[in-house]
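Undergrad: Sequence first, then the predicted structure, then my questions.
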Amino acid sequence: MRILVFILLVIATTSCGRFANKEQDNSGGGERIVSVSKQYTEIMYALGAEKNLVAVDVSSVYPPQVKKLPTVGYHRALSLESLLAAKPSVILEDGPESMGPEHVVTQLKSLQIPMKEFSTKATNIDSTKLLIREMATYFKKENNADGLCKKLDADMQAALDSASKYTDKPKTLIIHFGRAMNVYMVMKDGSTAGKMVEWAGGKMAISSSDAKSMRQISAELVAASDPDIIILTDFGYDRLGTKDKIKELPGVASTKAFKNNRIYRFEENDLVYLGPRTGENVLKLQQLIHPPHATVQ
């Protein structure tokens, strides 16, 4: 039955010629854009280029108005039916390794649906600005990119200037998803979150030399790292809900962070990729790591 449904969908979508390779007007017209990259989605809205965005993956949650759009599944667990229902003329994706499952990607390619990956990878502030400008050129919003890049520079400079004045670098532990069978996923010093903590004037409580951005650690290692600050990403924090529940997390109650009531919530998306609001988010982190009464030089 599923094979029959898929065949019917293929016939329906290809018969109208929607996926023919045509020169596209990315600034408007008949474009129907599906974004399966939360980073691209946010930049589109920041540029004012969201007019023809018709669907997104479920990780695209900023800005809030994006939640009004239909979703096509998680970018690594895409729904073919939802994608075809969106009738895309182009799918924006930030690399083949970020899309799945494999059979859905194969079917999309067989339908010759155009997929667009921007060449710039945002790994630092300079490359983030390059990505913003590359996308602005694609969507013919070059003038809007100037203001975004200037604000990003100004926010980052403000954060770095403040960070240089602090006399200490509090140890910060960022726990992703909260708890899973008493084994924690934490963000590492080489990750985007690790860079942001450093820019904010802190240091990661746990370091690692491998290239992965997150690491599994035990409750014992949480306790041994004794962070000054614990940041729970939104999913884990919201699931726990109260300080009493957070106290029940193995290894957490003995830390300085818990004893000094320095456990905070932060949106996961704002810690895992760089974008137009990165400077703002570093400043927010700085307020948690170095509250207004912190000692300065």
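TA: Sure, I can see it.

Undergrad: Could I get the full set of strands for the stretch 1-150 of the chain?
TA: 33-35, 53-56, 73-74, 77-78, 90-92, 115-116 (DSSP state E, counting those that start in this stretch).

Undergrad: What strands flank the fifth one, and is each parallel or antiparallel?
TA: To tie it back to what came earlier, the one meant is strand 90-92. strand 33-35 (parallel), strand 115-116 (parallel) (DSSP bridges).

Undergrad: Let me know which of these is the nearest to Thr128.
TA: Minimum separation from Thr128 across the strands paired with strand 90-92 (CB to CB) falls at strand 33-35, 17.2 Å. The way it works is simple: take the backbone N, C-alpha and C, and place the C-beta from them, glycine included.

Undergrad: Not counting that closest one itself, show me its contacts.
TA: 41, 44, 52-57, 60, 72, 83, 86, 88-92 (CB atoms under 8 Å, 6 or more residues apart in numbering).

Undergrad: what do you get if the cut-off is 10 Å, keeping everything else the same?
TA: With CB atoms under 10 Å, 6 or more residues apart in numbering as the test, strand 33-35 has contacts from 24, 26, 40-44, 49-57, 60, 66, 69-72, 75, 78, 82-83, 86-94, 113, 115-116, 139.

Undergrad: Which residue comes closest to Val34 once chain neighbours are left out?
TA: Counting by CB to CB, 6 or more residues apart in numbering, Val34 lies nearest to Pro88, which is 4.2 Å off, once chain neighbours are set aside.

Undergrad: Now do the longest helix along the chain: which elements does it pack against?
TA: Of all segments of type helix in the chain, defined using DSSP state H, the longest is helix 142-163. If contacts are counted by 3 or more CB pairs under 10 Å, 6 or more residues apart in numbering; DSSP states H and E, helix 142-163 sits against helix 38-47, helix 125-138, helix 192-200, helix 278-289.

Undergrad: can you tell me the average pLDDT over that helix?
TA: In this model, helix 142-163 has a mean pLDDT of 97.
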